[in-house]
Structures are given as C-alpha cells and as structure tokens.
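A.B. asks: task: produce atomic coordinates for the following.
(one chain, ligands or ions: 1)
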Amino acid sequence: MVKRNFTKAAVIGGTSEIALSIIKNLPSLETVWLVGRDETRLNVAADSLKVAEIKVLAGDISSGDGITCLASRLPEDLDLVIIAQGMLRPSAADGGYGDLDDMIRVNLAGPCFWMDTLVRMYEHIPCRICVISSVAGDRGRASNYLYGMTKSGLSAYSEGLASSLFQRGALCRITLLKPGLVATRMTADRTDMRLAAGCDSVGRSAARALMAGRETVYVPGWWRFVMFAVRCLPDFIFHHIRA
Ligand SMILES: NC(=O)c1ccc[n+]([C@@H]2O[C@H](COP(=O)([O-])OP(=O)(O)OC[C@H]3O[C@@H](n4cnc5c(N)ncnc54)[C@H](OP(=O)(O)O)[C@@H]3O)[C@@H](O)[C@H]2O)c1
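C.D. replies: Okay, here's the model as predicted:
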C-alpha cells in the first residue's frame, strides 16, 4: 500500500489530546491550523507542536454560522482535516434537555455540518477528512447511551458520506476513527480505566492508518473484534452488561 505523507492539516477541536497526538505522529506536516472555541487553550496546544507553521482560528465550531465563517478562513489546499470535538456527559436525557441539546450540537450536528462544508470545499482535491467517532456508537450501552447515540449518528453520517464520495469519484475521502477508552482530559475523572489505551499509542496507530488511507479504523485495533462480538450478543445477554 502506498503511504501518503500529509503536509497541510487542520484540526477542528484543535485542543483535543487525541488529535494533537495524531498530528505529532505525522512526520511531514509543514503547516497546521488549530480551530476551536478558546484562543488561549488553542495557543497552549500550538506551543506543544513541533511543526514549522501553526495558525490558530478561534470561534464557534458547533453552529452553522460559526462553521461557515471559520471554514472560509481555511486555505484551499488542505490535505488533511481532523474533526475531533466532542464532550462526554455520562447521564442520559433525564439529565435535562440541556445535556441532550449540547451533546447533539457538539458531538453530532457540528461535526456533520463540518463534514458537508469541507466536502464542498475539498471534493476535487485529494484531501482526507478524519472524523473521530467512538466504539460507544456501535451499540447503545446502559452506562452511556446519550454519548453513544451522538457517536452512532456521527458514524452513520460519515459512512454514508464516504460511500457517496466514492460513488461520485470524488478525490476527497473520509476516515472514520473509532477509539475505545483513551486516557485523556475527557476521561480524567473516570475510575474504570482498566481497558484504557494511552493517548500516544492511539495517536501513533491513527496516524499510520491515515497515511495508509484506511477508511474505518478502530484504535487500538482489537476493539474491532470486541465490538463485533458486542453487536452480535442477543438482547437477553446484552441487558446484563453494566459497563
Ligand atoms: N478519550 C476517550 O476515551 C475517547 C474515546 C472515544 C472517542 N473519543 C472522541 O475523541 C475526540 C477527542 O477527544 P479527546 O479524548 O481528545 O478529549 P479532549 O482532549 O477533551 O478534546 C475534546 C475536544 O472537544 C472540544 N470541546 C469539548 N466541549 C466542547 C464544546 N461544548 N464546544 C466546542 N468544543 C468542545 C474541546 O475543546 P476545549 O479545549 O475548548 O474544551 C477539545 O478540543 C472526541 O470526539 C471524543 O468524543 C474519545
């Protein structure tokens, strides 16, 4: 398989630890745009990278108007965009309508609108869009089905759009990244981290998969088999799982 080296990338949710770890493992990058909601945090993230040129774009990354405005400031020749923003509220919708609304806006509606906008901009160039979903979207579990619902929708949207790009012969392609539990800021207050992967190894594996042009990527890779088994479990067994 031919290995692709990326030179110009953007990260939406530019402070994400997983996305920054992927960027650190792409050796040929010359320019990176970090796009997010908080300029101070984006500048701290920029200082952690060793890339020749880093630009920071701050604004609303989850609303249609905000996304349109930020996207118009990106260059016309990006070869990689990572859509990484996401929030984890453990409760279900009974946490109140606010949680449901925030999670759908940040984890699902915003990333889907970013994908559409980026495809319109880069359909005719070999740009790879990497969408960070989660194994949590593969089957709704009792412990986190609000988060799982947003990631399930994101995975389905991304898979459909990827097929549509393939069918119309677009040069732009999509990689759907499905991490399992990863030790980052997002999971810092969790106690059940036995199955958690380190952020560095996840970034390394994801970067390798992107350079190889892979389309659906579980990180670490063994989650593909675990989630296959989980999806196959009959309901009367699945309902007993408390994880
Ligand atoms: N860590 C895991 O176990 C795990 C597993 C599977 C999938 N994922 C997914 O991987 C992606 C990156 O997560 P991470 O682990 O790298 O966590 P992270 O370091 O906490 O990054 C989360 C990103 O989302 C942004 N964000 C959070 N709430 C936001 C809001 N309300 N509006 C706009 N942006 C918001 C954050 O920006 P600020 O800096 O401004 O807060 C940050 O850029 C997420 O999509 C997450 O769902 C994570």
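
A.B. asks: from here on, just use CA atoms for contacts and neighbour counts.
C.D. replies: OK.

A.B. asks: distance of P179 from the ligand?
C.D. replies: 4 Å (Cα to the nearest ligand atom, to the nearest Å).

A.B. asks: grab the longest helix from this protein for me.
C.D. replies: In the chain, assigned by DSSP state H, the helix with the most residues is helix 145-167.

A.B. asks: show me which residues of that one are buried.
C.D. replies: Going by neighbour count (16 or more other Cα atoms under 10 Å), the buried part of helix 145-167 is 145-155, 158-159, 161-162, 165.

A.B. asks: which SS state does G213 fall under?
C.D. replies: Classification of G213 using DSSP: H, G, I helix; E, B strand; the rest coil returns coil.

A.B. asks: OK, contacts around it?
C.D. replies: 3-4, 175 (Cα atoms under 8 Å, 6 or more residues apart in numbering).

A.B. asks: now, among those, which is nearest to the ligand?
C.D. replies: If you rank the contacts of G213 by distance to the ligand using Cα to the nearest ligand atom, T175 comes first, at 13.6 Å.

A.B. asks: what's opposite the closest one in the beta bridge?
C.D. replies: Note on T175: beta-bridge partners C130, judged by DSSP bridges.

A.B. asks: show the pLDDT at it.
C.D. replies: T175 is assigned 98 on the pLDDT scale.

A.B. asks: next one: the one 10 residues further on
C.D. replies: Model confidence at R185, given as pLDDT, is 95.

A.B. asks: the ligand versus the residue most central in space within the chain, what's the distance?
C.D. replies: The centre of the chain sits closest to I132, judged by Cα atoms, centre = their mean, with a distance of 1.7 Å. Noted for I132: a distance of 5 Å to the ligand, by Cα to the nearest ligand atom.

A.B. asks: got it, and G14?
C.D. replies: On the measure of Cα to the nearest ligand atom, G14 and the ligand end up 5 Å apart.

A.B. asks: and what of Y218?
C.D. replies: Relative to the ligand, and taking Cα to the nearest ligand atom, Y218 is found at 10 Å.

A.B. asks: can you check K50 too?
C.D. replies: 18 Å.

A.B. asks: now do the contacts for that residue.
C.D. replies: Contacts of K50 (Cα under 8 Å, 6+ apart): K24.

A.B. asks: mind listing what's buried in stretch 233-243?
C.D. replies: Here stretch 233-243 shows no buried residue, counting by 16+ other Cα under 10 Å.
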